[in-house]
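> Sequence and predicted structure are below.
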Amino acid sequence: MPRTIAVNTWVWTSPLTDASLEPLARKAQSLGYDALELPLESVGDWDPVRTRDLLDALGLGAIVVGAMGPGRSLVARAGDVAATQTYLRACIAAAQTLGAGVVAGPFYAPTGVTWRMDADERAAVVGELRENLAPLVAEAAEAGITLAIEPLNRYETSLLNTVEQSLDALGPLLGAGLGLALDTYHLNIEEKKPVEAIRAAGAAIAHVQVCGSDRGAVGDDHTDWPGILAALDDAGYRGPLGLESFTGENATIAVAASVWRPLAPSQDELAARSIAALRALEYP
């Protein structure tokens, strides 16, 4: 059975809105994508009911992606925990309306916020993270949604960088309502052997994001794509692969994702080359 291939609307725009969603959804469908990753940067940017109706009409699935901007954190040192919990509840509700099974993102701290921790400090932060995440996991499970927590590279966070760290930190909560979101870009930076890290994540994998090792097109890079897909098979993951790259036209997202140069001749070409490469890997 072919894999579901999704594309994140950050490839083309930020923030996603009702006005931009329909043309992007139609473009994604025309390129051959099966689903959209839908970033919810601010609650109200797009209407979940209207979006559901549009995607249903186009035969597209959905994954909700959380955006951890300034002040959003499940750790008090890095932001407003209560406001972040409220935001993540809105993400869960949007996913439920859409019929999406996953809400993915680095839900522990704002992207780009780092600080040093000794072993005792890290243990305390992990304990706080578990405490503040636990009610959301229970609510997600009740709604039939999985929160997929994404480890990021060392330049974007100092909390969860590797699969091993993430399994250790989140282990007591993993299961119904909580899994890991693995991103090949971050795996390439942080894991000594990405394919082994994927196998180690195993049944905890709830979502997978892909892109070239430079954040460009899949297949135009040095990533061991046959090995990545084989490891996902070995881990038992048959869920969507979501292309996540970023437009450089929005200053905020370009700085957040360190997009200092074009990653392809055009964003359309980046998306087209990526899905062609992924389909070729499935049917060599």
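Looks like it arrived, so ask away.
> What's the local residue count around the residue lying closest to Gln165 once chain neighbours are set aside?
Leaving aside its chain neighbours, Gln165 sits nearest to Pro151 (6.7 Å; criterion: CB to CB, 6 or more residues apart in numbering). From N, CA and C alone the C-beta is placed, and that goes for glycine too. Neighbourhood size, Pro151 [other CB atoms under 10 Å]: 29.
> do the one 3 residues further on as well
Using other CB under 10 Å, the number of residues around Arg154 comes to 12.
> next one: whichever strand or helix holds Ala181 to chain centre, how far?
According to DSSP states H and E, Ala181 maps onto strand 178-183. Remark: strand 178-183 is offset 8 Å from the chain centroid, using CA atoms, centre = their mean, to the nearest Å.
> quick one: contacts of the helix or strand following it?
Moving toward the C-terminus from strand 178-183, the next helix or strand (DSSP H and E) is helix 184-190. With CB atoms under 8 Å, 6 or more residues apart in numbering as the test, helix 184-190 has contacts from 150-154, 156, 161-163, 194, 197-198, 208-211, 213, 215, 223, 228, 244.
> next helix or strand past helix 184-190?
Toward the C-terminus from helix 184-190 - assigned by DSSP H and E - lies helix 194-201.
> Give me the PyMOL select line for the contacts of helix 184-190, limited to the buried ones.
Buried members of the contacts of helix 184-190, defined by 16 or more other CB atoms under 10 Å, are picked up in PyMOL with:
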select buried, resi 150+151+152+156+161+162+163+194+197+198+208+209+210+211+215+223+228+244
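> Among the contacts of helix 184-190, which are located in helices?
Of the contacts of helix 184-190, the ones assigned to helices by DSSP state H are Val163, Pro194, Ala197, Ile198, Ile228.
> mind putting the residues you listed in JSON lines, distance to Arg279 included?
Formatted as JSON lines, the ones in helices among the contacts of helix 184-190 follow (distance: CB to CB, whole Å):
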{"residue": "Val163", "distance to Arg279": "27"}
{"residue": "Pro194", "distance to Arg279": "21"}
{"residue": "Ala197", "distance to Arg279": "25"}
{"residue": "Ile198", "distance to Arg279": "20"}
{"residue": "Ile228", "distance to Arg279": "15"}
